[in-house]
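J.: From the sequence below, what's the structure:
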Amino acid sequence: MYTGNISKKYSNNSFGDIMLKKTNIFLLCLLTVIGSVIASYLFIIPVLYSRETVIVPDLIGLDHESGTSMLEKNGLIVITERVTADEDDGKILHVNPIPGSKVKKDTVITISIAQKAKVVRLNDYTNRYYTDLEIEIQKLKTDYNIEVIIIEEKNNNYIENIVIKQLPAQGTLIKENDYIIFYVSSFDEGITIPDFKGWSLEKVSRFEADNQVFFEYKHEYSDTILENHVIAQSVEKGSSWLKNSKSYIVLTISKGKPKTPTKIPDFVGISVEQAKIIADVLNIATEYDYQVSLASPETIIEQIYLDNHS
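T.: Residues are numbered from 1 along each chain as shown. Sure thing, here's the model as predicted:
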């Protein structure tokens with residue numbers, strides 16, 4: 001009759017014991033974790049941190065070997081880069097991170113060391129074919145990292161592909177990584193001479209400026225060509241002409257139609273007043289020279305004709 005009640009009571013006690021044990025285990029684990037964290041912050045982490053942190057030493061001015069040795073003794077990794085400078089070869093110029101920085105061991109430290117710039121004295125490359133300089137130019141590039149700049153210059157006073165000028169000049173000392181400029185001739189194919197006949201002087205002047213052609217002028221009267229226009233030329237139309245040539249093209253320029261000579265009247269025996277009236281009407285320039293004479297006063301006694309026409 002009482003067996004069921006006894007079994008029920010026993011089952012409730014067993015469950016409670018189990019839950020109590022689990023709670024105790026959880027609390028124990030939690031306390032262990034908390035204790036470990038506290039211990040790490042108080043003891044372990046400071047010890048580890050103090051072992052891994054170093055100060056970057058001041059290496060500026062030291063030689064490469066000494067600086068590298070100091071860094072490696074402090075557990076740092078060294079990378080070296082060379083910088084062209086006027087300082088002694090191998091002298092440390094820069095350190096990155098900067099000296100005095102706190103870094104962990106195995107941090108990469110970059111040091112820049114001086115490398116004395118190499119110099120070369122330039123030869124005279126002018127008046128030589130640029131293509132003949134290939135070996136010398138390649139040596140400048142390979143041994144000294146010299147940049148070669150080519151500037152083409154149209155100049156018919158030189159054969160094509162000749163070095164006209166160089167900068168810097170012969171004998172100059174230049175450092176590696178510098179540059180040299182070659183001015184190399186190229187042929188100007190020139191222009192075709194047009195027929196200038198009938199061109200105005202203004203049009204001729206524009207042609208001269210645009211094409212680097214030089215003219216000389218002579219002048220003549222013409223019945224058919226307007227004044228200040230071209231009558232003839234010394235170089236035939238269709239001819240080839242080089243720009244900037246030192247020769248000249250001669251152009252004959254019209255002075256207009258020739259002037260018709262005025263028939264000079266006989267002024268002898270008439271008065272000066274009458275002579276002036278006639279001269280004004282005929283547009284004749286006159287001069288008067290007064291002399292003592294038995295003729296009536298203010299009367300023309302003689303005339304002399306001066307031809308000023310060209």
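
J.: SS state for Gln166?
T.: With DSSP: H, G, I helix; E, B strand; the rest coil as the basis, Gln166 sits in strand.

J.: Quickly note the distance from it to Asp188.
T.: 21 Å (Cβ to Cβ, to the nearest Å). In this view, the C-beta of every residue, glycine as well, is placed from N, C-alpha and C.

J.: the more surrounded of these two?
T.: Gln166 (19 against 16; other Cβ atoms under 10 Å).

J.: For that one, give the beta-bridge partners.
T.: Phe182 (DSSP bridges).

J.: residue contacts, it?
T.: When contacts are counted by Cβ atoms under 8 Å, 6 or more residues apart in numbering, Gln166 touches 122, 124-126, 180-183.

J.: low-scoring stretches of the stretch 201-310 of the chain, by residue?
T.: 307-310 (pLDDT under 70).

J.: At which residues are the helices of it located?
T.: Shown for the stretch 201-310 of the chain, the helices assigned by DSSP state H, counting those that start in this stretch span residues 201-211, 272-282.

J.: what residues are up against Glu87?
T.: Here Glu87 is in contact with 93, 114, 116 (Cβ under 8 Å, 6+ apart).

J.: nearest to Ile150, of those?
T.: Nearest to Ile150 out of the contacts of Glu87 is Lys116 (Cβ to Cβ; 29.6 Å).

J.: What residues does the closest one make contact with?
T.: With Cβ under 8 Å, 6+ apart, Lys116 has these contacts: 84-89.

J.: for Ile264, same thing?
T.: So Ile264 contacts 284, 303, 305 (Cβ under 8 Å, 6+ apart).

J.: which among those residues end up buried?
T.: Neighbour-count burial (16 or more other Cβ atoms under 10 Å) applied to the contacts of Ile264 gives no buried members.

J.: Bridged to the closest residue to Ile231 other than its chain neighbours, which residues?
T.: Nearest non-adjacent residue to Ile231, counting by Cβ to Cβ, 6 or more residues apart in numbering: Thr252, 4.4 Å away. Bridge pairing for Thr252 (DSSP bridges) gives the partners Lys218, Ala232.

J.: Using TSV, lay out the contacts of Glu87 together with distance to Lys73, pLDDT and secondary structure.
T.: Below are the contacts of Glu87 laid out as TSV (distance: Cβ to Cβ, whole Å; pLDDT from 0 to 100; DSSP: H, G, I helix; E, B strand; the rest coil):
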residue	distance to Lys73	pLDDT	secondary structure
Leu93	21	90	strand
Ala114	23	87	strand
Lys116	28	80	strand
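
J.: ok, those vs Ser240, which is closest?
T.: Lys116 (56.2 Å).

J.: how deep is the residue nearest to Ile231 tucked in, by neighbour count?
T.: By other Cβ under 10 Å, neighbour count at Thr252 equals 17.

J.: got a list of what it touches?
T.: 217-220, 230-233.

J.: Among the residues you listed, name the buried ones.
T.: 230-231, 233.

J.: just those now: which is nearest Asp132?
T.: Gln233 (41.8 Å).

J.: Of the contacts of Gln166 - the most surrounded one?
T.: Of the contacts of Gln166, with other Cβ under 10 Å as the count, Phe182 tops at 21 neighbours.

J.: Model confidence for that one, exactly?
T.: With respect to pLDDT, Phe182 scores 96.

J.: So it is in contact with Val148, correct?
T.: Yes: counting by Cβ atoms under 8 Å, Val148 is a contact partner of Phe182 at 6.7 Å.

J.: follow-up on the earlier one: let me have the contacts of Ile264 in TSV, extended by distance to Asp266.
T.: Shown next, in TSV, are the contacts of Ile264 (distance: Cβ to Cβ, whole Å):
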residue	distance to Asp266
Ile284	13
Gln303	7
Tyr305	11
